[in-house]
Every structure is written in C-alpha cells, then in structure tokens.
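Engineer: Coordinates for the following, if possible.
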Amino acid sequence: MPSQFGAVQLAHEFLAAHVREGDLCIDCTAGRGKDTAFLCELAGKSGRVIAFDIQQAAVDSTKALLAERGLSAEVHLASHSRIDEYAEEGSVSAVVFNLGWLPGGDHSINTRAETSIEAITKGLRLLKKGGIMSLSIYYGRDTGYEERDAVLRFLRELPLTEYTVIVGEFVNRPNDPPISVRIYKG
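Structural biologist: As a prediction, this is how the structure comes out:
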C-alpha cells in the first residue's frame, strides 16, 4: 500500500464495492470532479449521477473533467442541502461528500455544519435499502473543526437499527489528516 494512500482511495474502494451499472448516485460536493467522474464510470451509461457545488470554479472544473473523459452527469451550482429536490426517497444507491474546501481553492469558502448535516440527513432518506454514503471530512487549518465535531456527533446518534456507521482515522499522519466515514443503510 503506498504511503500516500488517503481518503479518496478509501472512498473509491468503498464505492466500487457497492455501485453498479444503472445506479443513481449523488456527489454532494463536486469539487474538482474526481468523485463525480468515478461515480459516472461505476454507474455506466444506464446510470445517473447528480453533482452539487456552491462554487462556479468547482462546477466548471467538474464539467471539464467529465468532458475530457467522455462522461455525463447533471452538475448543479447549488448547495448540497438541496439534494432532495433532485431524487426520490429510497432511490439512490450512493451519496458522496468531501467536507471542507475546494482543493487548491479559497479556504474561507468551505462546507458548514448546518448545511452539511441537513444534506446528510436528506441523503440518508434518499438512499435505498442497501445504499451507502461516503464522507471524507477535511478539517484542518482555520476551517472545519466545528463542522467535523458536529458531523461526528450527528453520526453517533444515527439509529443502529437503520444504519451502520464506520469512522476511520489516519492515526500516524501529522497535522489534521482527513477522517473517512462509511455508512451502510440496512
């Protein structure tokens, strides 16, 4: 395993094990488009991928990556808290979040606990039985500690009868390494 193995690789392994051709998937934080493109590849031409970001630069970057790879997704300049406007309850196979800031972007523009927890709550309702949610929580520098703590508190309260939540940390990495979360809907 490479020493730079990280949250993206963990998320992609998780998604690859569960997303199938024809699935409906949502990328709640499109960022530079890597997760959106990966979901498109997994869901295939018969699947549907919806992506959200609040920054025009992220939407543009995601659309450019999709075009470069010959992939198609619905990419919206909107908050992830609006995901329930784009899919029916119980219809989604996978929901992905990268909480924090746009890679290479302005760290003062970042996800916030209130809208992230709202989006996670809605995403869990949208998941079909057997569906999954992946969260990579980036929280270092001047942003994200409050969001990290609030999201982890929220996840601890999810009903055991409906969800299995696994939280993984990179314990031998310095500073503020991302936290990887996997959620299974039973």
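
Engineer: residue boundaries of the strands in the protein?
Structural biologist: 24-27, 48-53, 74-77, 92-99, 127-137, 163-169, 179-185 (DSSP state E).

Engineer: Can you report how many residues lie near Tyr163?
Structural biologist: Counted with other C-beta atoms under 10 Å, the neighbours of Tyr163 add up to 15. Where you see a C-beta, it was placed from the backbone N, CA and C, and this is true even at glycine.

Engineer: Out of the strands of the chain, which is closest to Leu10?
Structural biologist: strand 179-185 (4.6 Å; C-beta to C-beta).

Engineer: tell me which strands and helices the closest one is in contact with?
Structural biologist: Counting by 3 or more C-beta pairs under 8 Å, 6 or more residues apart in numbering; DSSP states H and E, the packing neighbours recorded for strand 179-185 are helix 7-18, strand 127-137, helix 145-156, strand 163-169.

Engineer: Now find how far off-centre the third one is within its chain.
Structural biologist: In this view, helix 145-156 has its centroid 15 Å away from the chain centroid, taken as C-alpha atoms, centre = their mean, to the nearest Å.

Engineer: Repeat that for the second one.
Structural biologist: Using C-alpha atoms, centre = their mean, the distance from the centre of strand 127-137 to the centre of the chain it belongs to is 8 Å.

Engineer: Check the average confidence over that strand, would you?
Structural biologist: Strand 127-137 comes out with an average pLDDT of 97.

Engineer: ditto for stretch 9-27
Structural biologist: The pLDDT scores in stretch 9-27 average 97.

Engineer: Show the low-confidence segments of the protein, by residue range.
Structural biologist: Within the chain, the stretches with pLDDT under 70 are 1-4, 141-143.

Engineer: rewinding a little: columns distance to Glu85 on top of the strands of the chain, output as CSV?
Structural biologist: Conversion of the strands of the chain to CSV gives the following (distance: least, C-beta to C-beta, whole Å):
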stretch, distance to Glu85
strand 24-27, 11
strand 48-53, 10
strand 74-77, 9
strand 92-99, 13
strand 127-137, 16
strand 163-169, 23
strand 179-185, 20
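
Engineer: looking at the ones you listed, which is closest to Ala11?
Structural biologist: strand 127-137 (4.4 Å).
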